[in-house]
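Engineer: I would like to see how this sequence folds:
(2 chains)
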Protein chains: 2
Amino acid sequence: MRTARVYIALLHYPMYNKRMDTITTSITNLDLHDIARAARTYDVEGFFVVHPSVSQRKLMGEILAYWQDGYGGCYNPDRQEAFKQLRVAENLNGVIDSIQHETGQRVYTVATDARIYPNTISYKRLKQELFDKEQVFLLLFGTGWGMVQELVEGCDYILEPIDGAGEYNHLSVRSAVSIILDRLLGQFWYDR
Amino acid sequence: MRTARVYIALLHYPMYNKRMDTITTSITNLDLHDIARAARTYDVEGFFVVHPSVSQRKLMGEILAYWQDGYGGCYNPDRQEAFKQLRVAENLNGVIDSIQHETGQRVYTVATDARIYPNTISYKRLKQELFDKEQVFLLLFGTGWGMVQELVEGCDYILEPIDGAGEYNHLSVRSAVSIILDRLLGQFWYDR
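Structural biologist: Numbers count the residues shown, from 1 in each chain, chains lettered A, B, ... in the order given. Now for the predicted structure:
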């Protein structure tokens, strides 16, 4: 049984674009759906979607209202259920403050990235922490071409990249979240 | 090292809708992108997108042309690379014939479904086959509310559902493909 409390956040700033400029990415509707469904399936405590722009947060509020209170929730109660843990935030500090307020505990941040950083933590070791210690973890996922280096390096842990079967490693954030939640929170243990 | 050759197919007919009527679903652009990227990351031999309608297959042809020969391929070579193994087919028999012609071997079909069927094969056992035998496997993924029962039961194997962390189990097909490819084709072994 999992002993830790696990939250996730999808960030849209500060991200890289393909030229490694720092940019703000846009909200993608299907990110909200796919990641909310995966978060609910793996019993994540909360899914924060983080965006600095007022209009983008307003757009999210409208999408949420449709699936929580509008026709969508009536048509598809499973989707309504998935959207229950989705919360909108302006920036990462706001997310950490919310979780600290909710749990009364220090929040350990975990960066995820397709790039290789020194001192990454393995899936196996982080999973041991999640099933052994009563701590609070926040997994961070980027968009665009990934989180800027300072953001990644400022986290308590950096999770190793997903290793597929070769050199190519360009998963969508929707796929990456799904695989990482399965590896860390799935009811199985693995060796590598 | 994997010894088997593994193909995947995304089917749009015959599927259930939420009332368990048999329907044909529409092509979803992001299914093609996310699943092609995951398939390439896990070194799948080929990704077939199967649709009975001429106009839907034509639409796919246009999407593919943009990313293979048009501006998209130039803008994003990683996406061009991912789309290389994507092939369009009219029906499942056509897919099986193509693979048999290509490999000269019998094709073992594997249904994936969120519903529980008797006689399912576990991830662990199927992975052992994939890393031990030189056979050809075709993993089938459904859309809508899933593949109709006759289609599932007609397969050589039925893979057990993805177990999350509780009762809720409503992943998108994009998430399900990603998790299943990681469990079956990832370079690690697990116990459950």
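Engineer: Now A:Phe47: which helix or strand?
Structural biologist: A:Phe47 belongs to strand A:46-50 when assigned by DSSP states H and E.
Engineer: what mean pLDDT does the helix or strand just after that strand have?
Structural biologist: Using DSSP H and E, the helix or strand that follows strand A:46-50 towards the C-terminus is helix A:54-68. Averaging pLDDT along helix A:54-68 gives 95.
Engineer: which is the next helix or strand following helix A:54-68?
Structural biologist: Past helix A:54-68, the next helix or strand by DSSP H and E is helix A:71-75.
Engineer: And A:Thr112, how far from B:Asp34?
Structural biologist: 17 Å (CB to CB, to the nearest Å). No exception for glycine: its C-beta is placed from N, CA and C like everyone else's.
Engineer: What of A:Arg5?
Structural biologist: For A:Arg5, the distance to B:Asp34 - CB to CB - is 29 Å.
Engineer: Same drill for these two, tell me which one is more crowded.
Structural biologist: B:Asp34 (26 against 19; other CB atoms under 10 Å in any protein chain shown).
Engineer: which element is that one on?
Structural biologist: Per DSSP H and E: helix B:29-41 holds B:Asp34.
Engineer: buried ones in that helix?
Structural biologist: By neighbour count on 16 or more other CB atoms under 10 Å in any protein chain shown, the buried set for helix B:29-41 is B:30-41.
Engineer: filter these down to the ones near chain A?
Structural biologist: B:30, B:33-34, B:37-38, B:40-41 (CB under 8 Å from any CB of the partner chain).
Engineer: so which of those residues comes closest to chain A?
Structural biologist: Using CB to the nearest CB, B:Thr41 is the member of those that lies nearest chain A, at 3.6 Å.
Engineer: My guess is the closest one contacts A:Asp163. True?
Structural biologist: No - if you go by CB atoms under 8 Å, B:Thr41 and A:Asp163 don't touch, sitting 9.2 Å apart.
Engineer: Next, show the common contact partners of these two.
Structural biologist: A:Asn169 (CB atoms under 8 Å, 6 or more residues apart in numbering or on different chains).
Engineer: Quick one: neighbours of A:Lys58, just the number.
Structural biologist: 11.
Engineer: Please tell me how far it sits from chain B.
Structural biologist: 23 Å (CB to the nearest CB, to the nearest Å).
Engineer: can you check A:Val49 too?
Structural biologist: 16 Å.
Engineer: do A:Gln68 as well
Structural biologist: 16 Å.
Engineer: OK, contacts around that residue?
Structural biologist: Counting by CB under 8 Å, 6+ apart, A:Gln68 makes contact with A:80, A:83-84.
Engineer: the helices in chain A, which residues?
Structural biologist: Using DSSP state H, the helices of chain A run over A:29-41, A:54-68, A:71-75, A:77-83, A:92-103, A:123-130, A:149-153, A:173-185.
Engineer: Redo those helices as TSV? Include distance to B:Tyr157.
Structural biologist: Putting the helices of chain A into TSV (distance: least, CB to CB, whole Å) gives the following:
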stretch	distance to B:Tyr157
helix A:29-41	23
helix A:54-68	35
helix A:71-75	34
helix A:77-83	27
helix A:92-103	42
helix A:123-130	27
helix A:149-153	40
helix A:173-185	20
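Engineer: so who does the closest residue to A:Gln187 other than its chain neighbours touch?
Structural biologist: Nearest residue to A:Gln187 in three dimensions, chain neighbours excluded: B:Asp163, at 5.9 Å (CB to CB, 6 or more residues apart in numbering or on different chains). Contacts for B:Asp163 (CB under 8 Å, 6+ apart) come out as A:186-187, B:169.
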